[in-house]
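Asker: just need the structure, nothing else, for what follows:
(one chain, ligands or ions: 1)
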Amino acid sequence: MTITNKIKQFLGTDIKVDKYALVDDPIFGKVAKENAPDKWVRSTCGYCGVGCGMYIGVKAGKAVYSKGDPLHSVNFGTLCPKGLSEHKMVYADSRVRNPLVRENGKLVAKTWEETFEHTSKEFKRIQAQHGKGAVAVLSTGQLLTEEFYALGKFVQLGLETNNYDGNTTLCMASAVMGYKQSFGSDGPTGCYEDFEKADVIMLIGANIADNHPILKLHIAKIQKS
Ligand code: SF4
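Answerer: Predicted structure coming up:
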């Protein structure tokens, strides 16, 4: 810190001009000078099912900025706090950067090679002792189609078990039963345009301003019009 800034800070007149300075940006008009990116990469927020469009600002090969896509029909340039801080989790100190294997009750950092070998040996040991069906796989709903296919083949042909279930059953089972009983079909019925066309919107047991603030914006827009 320069002596001038120190004096300004002491006198309470330091408005941190450099820290909060803005520069021109071709997409967003103005952005913080401190993090002004070299380029923007268009993407979709992966945190929740609202599906906001976003841009990730990249500076010197690092993600430094997250901004809502102003032309995206879901969020119209806005993001909730999770989306706005999305680039931060890439470099978070608490992020797990390598596999951890529990040894004598403690998690120990390992290389991928060591971890694959260890996991493979353990699967084989368990199946040799207790049979093929002693191993089961629960998959996530966040895999892409090709990854689901590869995992399914690994479970059936590699582990030789049918004990495989996914998020689609675990998470959606109750919702699907509700859809079927209410509407006769298991497909989710809503889309964002429905908000604009609905005469009445009932929110029961949900605080979307807290949990899905971008959806709340759609409703707020109607309330204003
Ligand atoms: S509502 Fe928030 S967490 Fe969900 S997609 Fe949009 S920015 Fe991401």
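Asker: tally of neighbours for I27?
Answerer: 14 (other Cβ atoms under 10 Å). The way it works is simple: take the backbone N, C-alpha and C, and place the C-beta from them, glycine included.
Asker: would you pull up the residue in the chain closest to the ligand?
Answerer: Relative to the ligand, the nearest point of the chain is G83 (2.5 Å; Cβ to the nearest ligand atom).
Asker: tell me the contacts of that residue?
Answerer: 45, 47, 52, 54, 66, 68, 75 (Cβ atoms under 8 Å, 6 or more residues apart in numbering).
Asker: try it again at 6 Å.
Answerer: Contacts for G83 (Cβ atoms under 6 Å, 6 or more residues apart in numbering) come out as 45, 52.
Asker: now find how far off-centre the helix or strand hosting it is within its chain.
Answerer: Here G83 sits within helix 81-84, counting by DSSP states H and E. Chain-centre distance of helix 81-84: 10 Å, with Cα atoms, centre = their mean, to the nearest Å.
Asker: for D18, see how far away the residue of the chain closest to the ligand is.
Answerer: 27 Å (Cβ to Cβ, to the nearest Å).
Asker: which positions in stretch 22-29 come out as buried?
Answerer: D25 (16 or more other Cβ atoms under 10 Å).
Asker: now do stretch 172-184
Answerer: In stretch 172-184, counting by 16+ other Cβ under 10 Å, buried: 172, 176, 179.
Asker: got the residues of this structure near the ligand?
Answerer: 45, 47-48, 50-52, 75, 79-80, 82-83, 212, 214 (Cβ under 6 Å from any ligand atom).
Asker: neighbours around the closest residue to G141 other than its chain neighbours, how many?
Answerer: Nearest residue to G141, sequence neighbours excluded (Cβ to Cβ, 6 or more residues apart in numbering): N167, at 3.2 Å. Neighbourhood size, N167 [other Cβ under 10 Å]: 13.
Asker: now the helix holding G83: average pLDDT?
Answerer: For helix 81-84, mean pLDDT rounds to 93.
Asker: also stretch 97-114?
Answerer: Stretch 97-114 shows a mean pLDDT of 95.
Asker: endpoints of stretch 89-100, how far apart?
Answerer: 19 Å (Cα to Cα, to the nearest Å).
Asker: mind starting the numbering at 3 from now?
Answerer: Sure, I'll start counting at 3 from here, so that last one is stretch 91-102.
Asker: now do the SS call for L159.
Answerer: helix (DSSP: H, G, I helix; E, B strand; the rest coil).
Asker: give me the pLDDT value at the residue nearest to G143.
Answerer: pLDDT, read off for N169, is 75.
Asker: for stretch 140-153, buried residues please.
Answerer: 141, 153.
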